[in-house]
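predicted coordinates and the sequence they were generated for:
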Amino acid sequence: MKKYFYKTLGVFLAAATLSSCLKDDSMVLNPDKGHNVIEFANTTDILVHGSVIPLYVHSYEIVPEVTLPVSVSYSGPEAVAPEDITVNIAVADNSPIDLYNEEQETEYEMMPASNYTLSATSVVIPKGQSKATFSVKFKPNTFDLSKALVLPLKISSVSSGIISGNFNTILLNAGAKNKYDGNYTVTATAPMVDFANSTITGYYPLDSDLHTTGPNSVVMYCYTYLGGFQGHPIKAAGASSYYGSFAPVFTMDADGKVVSVTNYYGQPAGNGRSAQLNPAGVNKFTVNANGSKTLEVSYYMLQPGTSVRTTFSEKWTFVKNR
């Protein structure tokens, strides 16, 4: 099960040729008392601030090719580089992915080489400037939509200067999006009922995402209470909680009819929970030409010893692209 509270890394490793550097928006240290380092610039906001390896999430439509600019930066008290600095870039091995997965309890996998190309493996930060940029061309229509893929990049060497200890390696999580993907407000069209525990009630409205898991399937990620991970919040005796190892995956046919609901964590998960479509519901995903989208769906959470433990009847209203 994913965890919902960020860890703080308490121990920092130091090396003779590596040094740490805070990003430009950090005011914890006085940069005038430090020295410049060469590092990756942020490609977007870091997914988990304080993580041992910075991971950036980028989502794309299922198209043949998209381009992501990636910059390396001469960062610190000096505004610009005193000389031309050659920065060599390489695809890292699995070790930073393994480290991130262990720390964050995630299941990211190495992106296959067939899914991307690098425009360069060496760039020059010119004298008098602070950045150099190359690009990664992703091929979303070749992605395995059932996997969470990341591309690990590292600064392998520089012609002069010090490589950052915090931002010498980054993880780029690039995912493809089907037409159902996006951010939604979730409301109840009928009360949620937990037949095993009457003190458990629905927790609505919810700020949730639907993330692509296949050409016609999406899984629930929830920001309300869970902070953006796969799961379904509930109220337990009035307090915020969630069903462990349970997150619905909705699968549609070509016409948008919901044909199945399964549990992201397994059918069943390790705790025996699974999901099932309630055929009596509307069970329709409507995607309009004007960009509006609505999912009306009814489904069950099944659990050993109770058969149908909980019933859900929901309306998902599209808010924005994620």
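Nice, I can see it. Numbering: from 1, shown residues only.

all strands for the stretch 51-200 of the chain, in order.
When secondary structure is read from DSSP state E, counting those that start in this stretch, the stretch 51-200 of the chain shows strands at 55-61, 66-75, 85-91, 109-110, 116-118, 122-125, 131-138, 149-158, 163-164, 169-177, 182-194, 200-201.

partner strands of the third one, parallel or antiparallel?
It refers to strand 85-91. The pairing partners recorded for strand 85-91 under DSSP bridges are strand 122-125 (antiparallel), strand 149-158 (antiparallel).

those strands: which one's closest to residue 133?
Comparing these by their distance to residue 133 (Cβ to Cβ), the top pick is strand 122-125, with 7.1 Å. Glycine gets a C-beta too; all of them are placed from N, C-alpha and C.

contacting residues for the spatially most central residue of the chain?
Centrality entry for the chain: nearest residue to the mean C-alpha point is residue 57, 5.2 Å, by Cα atoms, centre = their mean. For residue 57, the residues meeting the contact criterion (Cβ atoms under 8 Å, 6 or more residues apart in numbering) are 44, 47, 173, 175.

coming back round to it: tell me the most buried of the strands paired with strand 85-91?
The highest average neighbour count among the strands paired with strand 85-91, using mean count of other Cβ atoms under 10 Å, belongs to strand 149-158 at a mean of 20.

can the strands paired with strand 85-91 go into TSV with extra columns for distance to residue 194?
Converted to TSV, the strands paired with strand 85-91 look like this (distance: least, Cβ to Cβ, whole Å):
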stretch	distance to residue 194
strand 122-125	56
strand 149-158	36
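
ok, which of the ones you listed comes nearest residue 295?
Nearest to residue 295 among those is strand 149-158 (25.5 Å), distances taken as Cβ to Cβ.

so how far is the closest one off the chain centroid?
Chain-centre distance of strand 149-158: 18 Å, with Cα atoms, centre = their mean, to the nearest Å.

mind saving the C-alpha coords of it as PDB?
Once non-C-alpha atoms are left out, strand 149-158 reads as follows in PDB (Å, rounded to 0.1, in the frame of the first residue of the first chain):
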ATOM      1  CA  LEU A 149       7.700   4.000 -16.500                       C
ATOM      2  CA  VAL A 150      10.600   6.400 -15.600                       C
ATOM      3  CA  LEU A 151      13.700   7.500 -17.500                       C
ATOM      4  CA  PRO A 152      16.600   8.000 -15.100                       C
ATOM      5  CA  LEU A 153      19.100  10.700 -16.300                       C
ATOM      6  CA  LYS A 154      22.400  11.500 -14.700                       C
ATOM      7  CA  ILE A 155      25.200  14.100 -15.100                       C
ATOM      8  CA  SER A 156      28.100  11.700 -15.700                       C
ATOM      9  CA  SER A 157      30.900  14.300 -15.900                       C
ATOM     10  CA  VAL A 158      31.800  17.900 -16.400                       C
END
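
between strand 131-138 and that strand, find me the angle.
Orientation of strand 149-158 against strand 131-138 (axes from the mean of the first three to the mean of the last three Cα atoms, to 10 degrees) gives an angle of 150 degrees.

got the angle for strand 149-158 vs strand 169-177?
With the same axes, to 10 degrees as the criterion, the two stretches strand 149-158 and strand 169-177 enclose an angle of 150 degrees.

outside of strand 149-158, which residues touch it?
38-40, 55, 70, 72, 85-94, 96-97, 108-112, 115-116, 136, 143, 163-164, 168-175.

would you format the contacts of residue 57 as CSV with neighbour count included?
Supplementary listing: these in CSV, determined by neighbours: other Cβ atoms under 10 Å:
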residue, neighbour count
44, 10
47, 16
173, 18
175, 21
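
next, the buried residues of stretch 294-306.
Of the residues in stretch 294-306, those buried under the neighbour-count criterion (16 or more other Cβ atoms under 10 Å) are 294-303.

please apply the same query to stretch 61-70.
When neighbours are counted by 16+ other Cβ under 10 Å, the buried residues of stretch 61-70 are found to be 62, 66, 68, 70.

tell me what the last one is bridged to.
On the basis of DSSP bridges, residue 70 is bridged to residue 134.

wouldn't it be in contact with residue 135 here?
Yes - A contact is recorded between residue 70 and residue 135 when judged using Cβ atoms under 8 Å, the distance being 6.7 Å.

nearest to residue 226, out of the strands of the stretch 51-200 of the chain?
Nearest to residue 226 among these is strand 182-194 (12.4 Å), distances taken as Cβ to Cβ.

pLDDT on the closest one, on average?
Regarding strand 182-194, the rounded mean pLDDT is 98.

got the contact list for that strand?
Contacting residues not belonging to strand 182-194 are listed as 200-202, 204-210, 234, 293, 295-296, 298, 309-322 [Cβ under 8 Å, 6+ apart].

and the angle from it to strand 55-61?
Calculated by the same axes, to 10 degrees, strand 182-194 forms an angle of 100 degrees with strand 55-61.
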